[in-house]
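Asks: Mind folding the following:
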Amino acid sequence: HYFIQSNLRIMSISSSPEPRYISGMNSGSATPSAEGRERYTRSLPMTCPKQCYVMVGLPARGKSYIAHRLARYHNWIGVKSKVFNVGHYRRELVGVHMTAEWYDPFNPAGSQSRRMVACHVLSNIVDWFNTDSDAAVAILDATNTTRERRQLILDTFAPENIEVLFIESVLNDEDIEEKNIREKKIRCPDYQDCDPETAFADFSERIRNYKKAYETLCLSLDRELAFIRVSNVTQFHINNLTSNVQSKSAYFIMNTRPFTKTTMYFTRHGESLYNELGRIGGDTELSDNGVEYGKQISQYLESCGLADIPVWTSLMKRTIQTCSYLPNQDVRRYKCLNELDAGRCDGLTYEEIAERYPEEFALRDLDKYNYRYPRGESYHDLCCRLEPIIMELDKQKQVLVICHQAVLRCIIGYYLNVPADEIPYIRIPLHTILKVTPTAYGCEKEDVVFGVSGCVTHRDKPTTETIEQRLMDATFSGGVKSDGSGVGLVPGSPQVGLESNGSSANGSSTAAHDGSHNGHTYNGFNSTTAPVEPVATTT
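Replies: As a prediction, this is how the structure comes out:
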């Protein structure tokens, strides 16, 4: 904790999730002003009891696909989640090349070995909850096909007060099963350097062994359990959910579609007049550079055979004007794609915010993801607003989304599984198209940079020492120093800019957590590719 005292007022800065009021815009008051009472310093993260989602089903039924997507979704909405894949632990504890015979339920040695691995994973999950205070949802990615195994899980977690939700994936389409085996399973470490047909035959035999003891979830025997049963992707049976997070998970699973290879295109609007002035927010038109970018997007789409690609924009002038040059004018406009609302700071420059509201300027750097502008929004609020868009994007074959910097930070943060506190620092440059291609358990991203100049607005994450100094300066001096120091903002600096204005950034970029790029020429445009975990970009 840092305690900063000014006259009769004490302001406590903490990383705890409890809501805290701060004083209003007038410094020196002993109690929070009317505006301070009107809002919290930060938006509150979702809280939930400790839970374990237990995947159930035969191999090659999409369990890992669902597990990784759920973990990514939970982390994005602020619920810390982690996938525990039993296959990874089995390779470490027992070995990699285990034949189908090892999975036969009538093989005593194999059954004992599999139980040992399962108990080890359950112990690791309990340790994760006990050592990480933010841990909320563990996802056990395994077959768990028998009631005996599921009862072992319940008995292990009950003394630890860990709630259990079973998620079963049932697939009866043999063609899809074969496709899943050939495209994913025979390429896993178990079959490294193995003939594809031999690997396919062995994995198929593994599935047949699991079927010998498979006991599906059903109401007649499992009525007391919380479970979600997904049949052939399109049919859902939901029973006895016990928390809001479980309900949101059910909603997400019901909107999950089978994996298909597709590409989504994201870009910020062209440079706006407010971008040139260094002002945030507003609803201005494009600058000359922004107009040129709109024209070049049209040429690029036509050169790639994407003239008819569906286009989504926000309701703001700068995105609508950017798409006005595109060949396809069948455009959908969504209010939830509007830029982050800067509230009382809308239309100001960074210098003006630092001078008028030094506390606000410093507090935003303290916790940028949860900080909420006075009468405005936080990044957490923005993620909540974008949730319906994410659900719709996952259903699209191809789409071009033209929106704003903070909005794209949240969207790209979701697809690249970026931790919530790093989302506000993802680099999203102006005059660049971000190509995102989903893979089985992640996404690949490629940046296509256009040769149109624009101003730079990205601000790197400040150090803890810098934030402390800003808070001290804001509290004791009631403003900024005459030379601009103490708040990390020097007038005229090339770093000046704000995420809530949809303003520009430099020509090459990647997510803040990955600074590597490889440049090359792509259809006449300068293109950069950044590797993205868990699957490296190979564009």
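
Asks: Specify the local secondary structure of Ser169.
Replies: Three-state assignment for Ser169 (DSSP: H, G, I helix; E, B strand; the rest coil): strand.

Asks: my read: it touches Val230, true?
Replies: Yes: with contacts counted by Cβ atoms under 8 Å, Ser169 reaches Val230, the gap being 5.1 Å. Every residue, glycine included, has its C-beta placed from N, CA and C.

Asks: Overlap of the contact sets of these two?
Replies: Shared contacts of Ser169 and Val230, defined by Cβ atoms under 8 Å, 6 or more residues apart in numbering, comprise Ile66.

Asks: does Ile139 count as helix, strand or coil?
Replies: Note that with three-state DSSP, the state of Ile139 is strand.

Asks: Distance of it relative to Tyr414?
Replies: Distance, Ile139 to Tyr414, using Cβ to Cβ, to the nearest Å: 17 Å.

Asks: wouldn't Thr349 be in contact with Glu276 here?
Replies: No: applying Cβ under 8 Å as the test, Thr349 and Glu276 come out as separate, 11.5 Å apart.

Asks: the more surrounded of those two?
Replies: Each of Thr349 and Glu276 has its neighbours counted (other Cβ atoms under 10 Å); Thr349 has more, 20 against 17.

Asks: What does the nearest residue in space to that one that is not next to it in sequence show for phi and psi?
Replies: Of all residues not flanking Thr349 in the chain, Gly278 sits nearest, at 4.7 Å (Cβ to Cβ, 6 or more residues apart in numbering). Dihedral pair for Gly278: phi 80, psi 20, per degrees, to the nearest 10.

Asks: Quick check: Gly278 touching Tyr350?
Replies: Yes: using Cβ under 8 Å, Gly278 makes contact with Tyr350 at a distance of 6.9 Å.

Asks: okay, these two: which has more neighbours?
Replies: It is Tyr350, of Gly278 and Tyr350, that has more neighbours when counted by other Cβ under 10 Å, with 24 against 20.

Asks: Let me know whether that one touches Arg279 as I believe.
Replies: No: counting by Cβ under 8 Å, Tyr350 stays clear of Arg279, with 9.1 Å between them.

Asks: where exactly do the strands run in the stretch 301-450 of the chain?
Replies: For the stretch 301-450 of the chain, applying DSSP state E, counting those that start in this stretch gives strands covering 311-313, 331-333, 398-403, 432-438, 443-449.

Asks: thinking in terms of the whole chain, how far from its middle is stretch 260-272?
Replies: The chain centroid and the centroid of stretch 260-272 are separated by 16 Å under Cα atoms, centre = their mean, to the nearest Å.

Asks: And for stretch 406-418?
Replies: Distance, centroid of stretch 406-418 to centroid of chain: 5 Å (Cα atoms, centre = their mean).

Asks: swap in stretch 51-58?
Replies: Centroid separation for stretch 51-58 versus its chain: 22 Å, with Cα atoms, centre = their mean.

Asks: Averaged pLDDT, it. What do you get?
Replies: When pLDDT is averaged over stretch 51-58, the result is 97.

Asks: Output that stretch as CSV, restricted to C-alpha atoms.
Replies: Output of stretch 51-58 as CSV, limited to C-alpha atoms (Å, rounded to 0.1, in the frame of the first residue of the first chain):
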residue,chain,number,x,y,z
GLN,A,51,-14.2,-23.9,-9.6
CYS,A,52,-12.9,-26.7,-11.8
TYR,A,53,-14.4,-27.4,-15.2
VAL,A,54,-14.0,-31.1,-15.9
MET,A,55,-14.0,-32.1,-19.6
VAL,A,56,-15.7,-35.4,-20.4
GLY,A,57,-15.8,-37.4,-23.6
LEU,A,58,-14.0,-39.7,-26.0
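
Asks: quick one: the most centrally placed residue in the chain from Arg333, how far?
Replies: Among the residues of the chain, Tyr414 comes closest to the average C-alpha position under Cα atoms, centre = their mean, at 2.2 Å. From Tyr414 across to Arg333, the span is 21 Å (Cβ to Cβ).

Asks: and the closest residue to Arg385 other than its chain neighbours, what does it touch?
Replies: Closest residue to Arg385 apart from its sequence neighbours, by Cβ to Cβ, 6+ apart: Cys336 at 5.0 Å. When contacts are counted by Cβ under 8 Å, 6+ apart, Cys336 touches Arg385, Leu386, Pro388, Ile389.

Asks: go on, Glu160?
Replies: Lys50, Val126, Phe129, Asn130.

Asks: Of those, which qualify as buried by neighbour count?
Replies: Taking 16 or more other Cβ atoms under 10 Å as the criterion, what is buried in these is Lys50, Val126, Phe129.

Asks: Including distance to Thr319 and secondary structure, could those go into CSV?
Replies: Compiled in CSV, those are given as follows (distance: Cβ to Cβ, whole Å; DSSP: H, G, I helix; E, B strand; the rest coil):
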residue, distance to Thr319, secondary structure
Lys50, 42, coil
Val126, 48, helix
Phe129, 43, helix
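
Asks: low-scoring pLDDT stretches of the stretch 251-400 of the chain, where are they?
Replies: Applying pLDDT under 70 to the stretch 251-400 of the chain flags the ranges 259.

Asks: Where do the helices of it begin and end?
Replies: Counting by DSSP state H, counting those that start in this stretch, one finds helices in the stretch 251-400 of the chain at the ranges 273-277, 288-303, 317-323, 350-356, 358-366, 379-393.

Asks: so which of those helices gets nearest Leu70?
Replies: Ranking the helices of the stretch 251-400 of the chain by proximity to Leu70 (Cβ to Cβ) places helix 379-393 first, at 13.1 Å.

Asks: Output that closest one as CSV, nothing but the C-alphas.
Replies: Provided in CSV are the C-alpha atoms of helix 379-393 (Å, rounded to 0.1, in the frame of the first residue of the first chain):
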residue,chain,number,x,y,z
TYR,A,379,-10.9,-1.2,-20.5
HIS,A,380,-12.8,-3.7,-18.3
ASP,A,381,-16.1,-1.9,-19.2
LEU,A,382,-15.1,-2.0,-22.8
CYS,A,383,-14.4,-5.7,-22.8
CYS,A,384,-17.9,-6.3,-21.3
ARG,A,385,-19.4,-4.1,-24.0
LEU,A,386,-17.6,-6.0,-26.8
GLU,A,387,-18.7,-9.5,-25.6
PRO,A,388,-21.5,-9.7,-28.1
ILE,A,389,-19.2,-8.7,-30.9
ILE,A,390,-16.7,-11.4,-30.0
MET,A,391,-19.6,-14.0,-30.2
GLU,A,392,-20.5,-12.8,-33.6
LEU,A,393,-17.0,-12.6,-34.9
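
Asks: Which elements pack onto that helix?
Replies: Counting contacts by 3 or more Cβ pairs under 8 Å, 6 or more residues apart in numbering; DSSP states H and E, helix 379-393 is packed against helix 405-415.

Asks: Just the C-alpha atoms of the helix it packs on, please, in PDB.
Replies: Extracted as PDB, the C-alpha positions of helix 405-415 are listed here (Å, rounded to 0.1, in the frame of the first residue of the first chain):
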ATOM      1  CA  GLN A 405      -7.400   1.700 -30.900                       C
ATOM      2  CA  ALA A 406      -8.800   0.800 -27.400                       C
ATOM      3  CA  VAL A 407     -11.500  -1.400 -29.000                       C
ATOM      4  CA  LEU A 408      -8.900  -3.300 -31.100                       C
ATOM      5  CA  ARG A 409      -6.700  -3.700 -28.100                       C
ATOM      6  CA  CYS A 410      -9.500  -5.600 -26.400                       C
ATOM      7  CA  ILE A 411     -10.400  -7.700 -29.400                       C
ATOM      8  CA  ILE A 412      -6.800  -8.600 -30.300                       C
ATOM      9  CA  GLY A 413      -6.200  -9.200 -26.600                       C
ATOM     10  CA  TYR A 414      -9.000 -11.800 -26.600                       C
ATOM     11  CA  TYR A 415      -7.700 -13.600 -29.700                       C
END
